[in-house]
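Asks: Show me the folded form of this:
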Amino acid sequence: MIRLFANANYDFIKWRRWAFSLTGAIMLVGLGFLVARGLNYSIEFTGGTLVQVELAHRVPTANIRTALDNVGLQGADIQNFGSDTSYVVRARLGAEAAQGEAGTQAVADAVARALDQSAGPGQYQILRREAVGPKVGRELQGKALAAILVSFVVTLVYLAFRFEWRFGLAAVVATAHDVVATIAFISVMHLEVSLVVVGAVLTVVGYSLNDTIIIFDRVRENLRKYRRQNLYEILNLSINETLPRSVLTHGTTIATTLALLILAGEVIRPFAWVMSFGIFTGTFSSIYIAAPVLLWIEKRWPGEDARGARTFGVRAPATPAMSAPPTTPPSSPSPRAPQPAR
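Replies: Residues are numbered from 1 along each chain as shown. Now for the predicted structure:
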């Protein structure tokens, strides 16, 4: 596979307008789902009840989840806590549960009915129950959004210092595309937004930035190396040179996330979905968003490149007016000094 792309010479930038149109259409559909349906927040963001239980014997998590669905606690989060027989159940406050202590008790009673079905009467003990208020959920939402925004600012500052502000702006645009596309994907798939999913989104941000920085670093090297080529050609060359590395890295990561999708449980599966989509959209944006945006920025606001030696160029006419150096008339030979008469 790596040898297949070892001498790649594809004109990626040529298809930038088609790529913009395709990703724009897909994102419009995703944003339509986001506006119409919204996001499916977990109790960590909306508020709910936490119940810790200890079972007399091990019961499969899938059996407990089915029993919780039967008693009206759909979408409850179930996790092992310390041992195979200790579980923490997080459930939303449903219609049957009022706010406050009465609501917490109602959810605990529903969990007890579910355990009667799955583990058997008298085969469990409820160790604690407590409420998770929506105020905590709003605070978590704010922190998650702040983490994404801080990553944008740090990226812009780092790339502006490491390369140039044009590189940083192009990388931030590509990363913002990935975040919006991933959130739209979460809405379309109706995945539950938990702290695990927020962690997956932040991982996608880092993954996309890493891929973009690798391409931009190669762009900077090639700008120093090939002084006569314009930016259009340099971008294509740099993408093709990093293609074998991208295929290897993304292929192995996709294989891992697909294994999680197939083999992992309900808790980790949303993380695997988001990571699988994020790897795809991160690779796409590094090639078809970041690079074309850099080309557009340099066309709009031309400036010196990373060498500080010449202005970035875009695809030029076949015979540019300024391509040939100015010619100077040949200097006439200096007259020979007269020889003294003998």
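
Asks: where exactly do the helices run in the stretch 151-300 of the chain?
Replies: Using DSSP state H, counting those that start in this stretch, the helices of the stretch 151-300 of the chain run over residues 165-189, 195-225, 231-263, 269-285, 291-300.

Asks: from the middle of its chain, how far away would the longest one be?
Replies: Same thing as helix 231-263. Its chain's C-alpha centre and that of helix 231-263 lie 14 Å apart, by CA atoms, centre = their mean, to the nearest Å.

Asks: what's the answer for the first one, then?
Replies: If you compare the mean C-alpha spot of helix 165-189 with that of the full chain, they lie 7 Å apart, counting by CA atoms, centre = their mean.

Asks: Buried residues, that helix. List them.
Replies: Going by neighbour count (16 or more other CB atoms under 10 Å), the buried part of helix 165-189 is 166-179, 181-188. No exception for glycine: its C-beta is placed from N, CA and C like everyone else's.

Asks: give me the number of residues near the residue nearest to L191 when sequence neighbours are not counted?
Replies: Once flanking residues are discounted, L191 sits nearest to P270: 4.5 Å by CB to CB, 6 or more residues apart in numbering. Per other CB atoms under 10 Å, the neighbour tally for P270 reads 21.

Asks: I'd say P270 and L195 touch.
Replies: No. Between P270 and L195 there is no contact under CB atoms under 8 Å: 10.9 Å.

Asks: circling back: if we compare the helices of the stretch 151-300 of the chain, which one ends up closest to R113?
Replies: Smallest distance to R113 across these (CB to CB): 26.2 Å, for helix 269-285.

Asks: Between helix 291-300 and that closest one, find me the angle.
Replies: Relative orientation of helix 269-285 and helix 291-300, computed by axes from the mean of the first three to the mean of the last three CA atoms, to 10 degrees: 40 degrees.

Asks: Can I get helix 269-285 in CSV, CA atoms only?
Replies: Output of helix 269-285 as CSV, limited to C-alpha atoms (Å, rounded to 0.1, in the frame of the first residue of the first chain):
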residue,chain,number,x,y,z
ARG,A,269,-19.3,2.7,20.9
PRO,A,270,-20.2,6.5,20.5
PHE,A,271,-16.5,7.3,21.0
ALA,A,272,-15.6,4.8,18.3
TRP,A,273,-18.3,6.3,15.9
VAL,A,274,-17.0,9.9,16.5
MET,A,275,-13.4,8.8,16.1
SER,A,276,-14.1,6.9,12.8
PHE,A,277,-15.9,9.9,11.3
GLY,A,278,-13.3,12.3,12.6
ILE,A,279,-10.4,10.5,11.1
PHE,A,280,-12.2,10.6,7.7
THR,A,281,-13.2,14.3,7.9
GLY,A,282,-9.8,15.3,9.3
THR,A,283,-8.0,13.7,6.4
PHE,A,284,-10.4,15.3,4.0
SER,A,285,-10.0,18.8,5.5
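
Asks: That concludes my questions; thank you for your assistance.
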